[in-house]
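[1] kindly generate the corresponding structure for this input.
(2 chains)
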Amino acid sequence: MTLEVQTRQTEGGITVVAPTGRLDVAGAPALKDAINDVAKNGPPKVVIDMEGISFVDSTGLGSVIAALKRIRNRQGELRLAAPNQQVRVVLELTTLDKVFPYFATLEEALAGF
Amino acid sequence: MSSSNGGFEFHATLAELEEGLETLHRSIDRLRAATGRESDDMGLLHFETALGEIGSNVLTHGRPTGTKHPVDYRLSYVRGVVEASLTDSGAPVHEHLGRQMPGHESEAGRGLAMARSLLDELGYERDGDLNRWRLVKKL
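    Model prediction:
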């Protein structure tokens, strides 16, 4: 299952990056490419909508860390939305839940951003 | 694949990265169905996460250029214990086994530390030119 990534902009100027599939060693490059495109256009506010991610591995997680660094280098902000149980397990196991603010739903992630 | 008396067995050879990863996840889906476990069963979810880590390492590094040997993969479930074995023909990996969880800024190097935390047993043995991995978890 290849990772597919859709990107859209909200009326409030927030970029929503929505990957679908497994964010693993095979899928991570697609997310990196999408974030690099987003980061080219000035200080970004980005939400990665994880609802379509069925599984994440450490390489996929690495691509999210790379995204965070890239966006912060552009004085932007990144939030994660709607991670499933497996993604939350990985975030907590690696203590990266303390680094990434994540929200139960996309709506919650967009609110007040 | 076979399933009898509440047990379960699955065997495959993995020759390509994406297809191999798909097979690993499919085998867990079949185990989940065969044992009547829900998709949010935490023990199996931990096992699948560890399997994904070791599997991706093996599929990425365990098939040196020119090798004709695919990765051998077996999964079994007997009396509440799930066990997977992966055998590859890559270079020895002893020096990586004790790797600790890196800091938050690191983009790589978490896989083995994650697998160790998620399993009851993570075994590794160098057998001639082969690496043999064994993953065990009581569900």
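[2] measure residue A:106 to chain B for me?
    21 Å (CB to the nearest CB, to the nearest Å). In this view, the C-beta of every residue, glycine as well, is placed from N, C-alpha and C.
[3] nearest residue to that residue in space, please, no chain neighbours.
    Closest residue to residue A:106 apart from its sequence neighbours, by CB to CB, 6 or more residues apart in numbering or on different chains: residue A:81 at 4.4 Å.
[4] over to the spatially most central residue of chain B. Which of the three states is it?
    Closest residue to the average C-alpha location of chain B: residue B:51 at 3.2 Å, with CA atoms, centre = their mean. What DSSP: H, G, I helix; E, B strand; the rest coil gives for residue B:51 is helix.
[5] repeat that for the one 4 residues further on.
    Under three-state DSSP, residue B:55 falls in the helix class.
[6] that one - how many residues pack around it?
    If you count neighbours by other CB atoms under 10 Å in any protein chain shown, residue B:55 ends up with 30.
[7] I figured it was touching residue B:24, is that so?
    Yes: the pair residue B:55 and residue B:24 passes the contact test of CB atoms under 8 Å, sitting 4.6 Å apart.
[8] low-confidence stretches in the chain?
    In the absence of a named chain, this looks at chain A. A:1, A:42 (pLDDT under 70).
[9] switch to chain B, that's the one I care about
    Checking chain B against pLDDT under 70 turns up B:1-6, B:65-68.
[10] helix, strand or coil for the residue lying farthest from the centre of it?
    Taking CA atoms, centre = their mean, the residue of chain B most remote from its mean C-alpha position is residue B:105, at 26.1 Å. Of the three states, residue B:105 takes coil under three-state DSSP.
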